[in-house]
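Student: pasting the sequence and the predicted coordinates here, then a few questions.
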Amino acid sequence: MSSRRLPRNQHIIPKHYDVHLTTDLDSGQFCGSVKIDLIVEEHNQTSIKLDTSHLTIDLSSISLIIISSSAEVQCFAELNDLNELLEIRLPNQQNFSPNISYRLIIKSFSGHITTQNQIGFYRSTVDILSHNNQSNEMSFVKKHYGITQMSPTHCRRVFPCFDEPCLRATFDLTLDIPRHMQALSNMPELYSQDHLMNSETKRIRFQRTPLMPTFLLCFVIGEFDMVKSEPVQRLNKDSRLAPIELTAYTLPGRKHEATFALNCARKALYYYADLFQIEYPMAKLDLVAVPDLFYPAMEDWALILFKEEEMLINEDHAISVQYRNVCQSVTHEIAHQWFGNLVSIHWWNDVYVIEGFAKWFEYLATDYIIPEYNVFSEFFSTQFVRYFDYCINILHNEADDIDEKDFSFEGYIYSKGSCLMRMLHLFIGQYEFLESIRLFLRRYSYRTATAIDFWTCVEETTKLPIKQLVHSWCTKKSYPVVHVKMLGHDETTGTYDLELKQMSFCRGHDQEKHSDEKKISCHCIKTSDLICDTKHHVDIQQSNVRDSNWMIPITVIRNQSDDCVIKYLMTKQHDVLHIDTNASSLSSLKEDDSEPLVKKRRYSSLASNWFKLNICSGGPYRVFYSSDMLEQLIQAMIKQELSTFDRFNLENDM
């Protein structure tokens, strides 16, 4: 694979692709043509460079026309196999006319349908138990399936294109396939014609896609069984009912195993549409269980591919963990239909945002769909614990080529990204967290965005320094440790002073940071504000942040606080937290308060007055308590005065 991007000084925007492919799964060959409508934005552009890989291109079949006049422009094409580039030039080093729409036509290219790996356009062969009409017996028959994996940069293996996530365009796709097979793509079928070149071939053309990046384009070819759900009802932009066709596809004989996944998908579509206040934007959603896939699942827009074990369940022999895993897999990929598809990333160094988002929301959606499975306990035992194992891996890097970003889909991206999302969710509260997401999705729909764009939306909504906060969590090869001890208690005023010191922990040693003390006055906020739908504004005082320090969202609860949580944004290496227990914001939860993560608590008046930091493991950092504070917490744990998640957090930190 070539380790380069398209030239940064190439100001060319693809607008539309018309792709026509003829496939032969038996021989493992395909051929095709593509027309690309594009605009040259700069006056000094002397060439057009496209991505291409493992394709044979007939350079003499390439032409260029000006769309407005249909006038053909003389051009020359050159293929650079080393850099995987197709370059189009005008005679005598002329410049392309700026702000003119061109149509680049490549009439003939061909390629191999690979069987060596699951990237680009590949073939999977499966033995299917079928009825033999001649012998009237059941026997195994080999069947071929054609599958695409365009993400992250493999669309160039299927047709020449501008294969970068920031370059969204619309797509028309036409496939010539064996007559006995089916073809699925991102959009519903527009028409189908039989007997084109011979009696064994048919042509399928799909409806035009919305604006989307090349890595989301997908098609599959083969023989499938299908099962449909009742249409998911939604309102379109004209406030008219526009049902979403929801269908599951499996290999022959297994469609009954897709029922649970289909039901999860139906509920998830309603759940996310309500949560994000944006309807699912496509006309249909297909779930397809395929024999081989590079990833466990792939969120191609409106055509989600799954490994069979990620989607199918034989309910006669299934165990509970299978139901949970399938539900999480389905809800993860459906979350991407909004966050990752409706809005896609600008480049792969920001993949932690979309994957962290989808990983966290898969838990929220799964808890909504199957609450009896207690998925948040699984989050702590997997994603949260792994965060500390992955501390050496940074979330965001400046890799600007293709080879370096291959690491971007490793496990730490999902664990660390989801813990970051959860920390912000719990700290800023349900209302402002969702408002931030809604603002982001509305602002960048059918466009690309960067991580900074998302954090800016959160910052605009919360009025908190989110970009500064996230920077320390995304760029450090460590995690923070907070040391806390009680400095004193004024019984007359009901105030407490807690001394907090932060350090970075990495590879088994603490790294002390610069010391700077500041006394902070904090307001107390109800536990329900951590997640419940509320417009309560978090008034947090903060100090200037040194680059060497972490910005840590601190939450504190005490045994007599009547469910009140202190929220404090720690920015200094050494701070004193001043807690006024008589603050007017101290109030108990109402009986009708509810939320999925932080359960209601009722504490009796105790002789001891313990303080617990990092409520419900809200942030992926460790807390080291002074001996007297730790002893009080251990006694509280023995007396079952701590929630399950707080007990886990305390034990994990000790």
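Tutor: Cool, the structure landed. Residues are numbered from 1 along each chain as shown.
Student: number of residues surrounding E410?
Tutor: Residues lying near E410 (other CB atoms under 10 Å) number 11. The C-beta positions use only the backbone N, C-alpha and C, and glycine is treated the same way.
Student: so what's it closest to, chain neighbours aside?
Tutor: N393 (7.6 Å; CB to CB, 6 or more residues apart in numbering).
Student: SS state for that neighbour?
Tutor: Judged by DSSP: H, G, I helix; E, B strand; the rest coil, the three-state class of N393 is coil.
Student: make 192 the first number, not 1, from now on.
Tutor: From this message on, residue numbering opens at 192, which makes the last subject N584.
Student: against C665, how distant is it?
Tutor: N584 is 11 Å from C665, where distance means CB to CB, to the nearest Å.
Student: neighbour count winner among those two?
Tutor: A direct count of neighbours by other CB under 10 Å for N584 and C665 places C665 higher, at 19 against 16.
Student: for that one, helix, strand, or coil?
Tutor: helix.
Student: just checking, it touches H587?
Tutor: Yes - assessed by CB atoms under 8 Å, C665 is found in contact with H587 at 4.2 Å.
Student: overlap in contacts, the two.
Tutor: When CB atoms under 8 Å, 6 or more residues apart in numbering defines a contact, the residues bordering C665 and H587 alike are 543, 642.
Student: low-confidence ranges, the protein, go.
Tutor: Applying pLDDT under 70 to the chain flags the ranges 192-194, 322-326, 386-388, 427, 429-430, 589-600, 697-739, 751-754, 773-799.
Student: okay, the strand or helix carrying V411 in PDB with CA atoms only?
Tutor: V411 belongs to strand 410-413 when assigned by DSSP states H and E. Extracted as PDB, the C-alpha positions of strand 410-413 are listed here (Å, rounded to 0.1, in the frame of the first residue of the first chain):
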ATOM      1  CA  PHE A 410     -22.200  -3.800  -2.600                       C
ATOM      2  CA  VAL A 411     -22.600  -7.600  -2.100                       C
ATOM      3  CA  ILE A 412     -23.400 -10.200  -4.700                       C
ATOM      4  CA  GLY A 413     -24.700 -13.800  -4.100                       C
END
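Student: next SSE after it?
Tutor: Sequence-wise, the next helix or strand downstream of strand 410-413 (DSSP H and E) is strand 416-419.
Student: packing partners for that next one?
Tutor: Where contact means 3 or more CB pairs under 8 Å, 6 or more residues apart in numbering; DSSP states H and E, strand 416-419 is packed against strand 436-441.
Student: which other helices and strands does the strand it packs on contact?
Tutor: With contacts taken as 3+ CB pairs under 8 Å, 6+ apart, strand 436-441 sits against strand 416-419, helix 450-467, strand 475-481.
Student: domains in the protein, by residue range?
Tutor: Domain segmentation of the chain under automatic domain parsing yields 192-314+332-413, 415-510, 534-657, 670-844.
Student: save the ones you listed as CSV, and put in distance to E524 too.
Tutor: Converted to CSV, these look like this (distance: least, CB to CB, whole Å):
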stretch, distance to E524
domain 192-314+332-413, 12
domain 415-510, 4
domain 534-657, 8
domain 670-844, 21
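Student: of all the ones you listed, which lies closest to Q528?
Tutor: Q528 sits nearest to domain 415-510 of all the domains of the chain, at 6.3 Å, using CB to CB.
Student: now find how far off-centre the closest one is within its chain.
Tutor: Distance of domain 415-510 from the chain centroid (CA atoms, centre = their mean, to the nearest Å) equals 17 Å.
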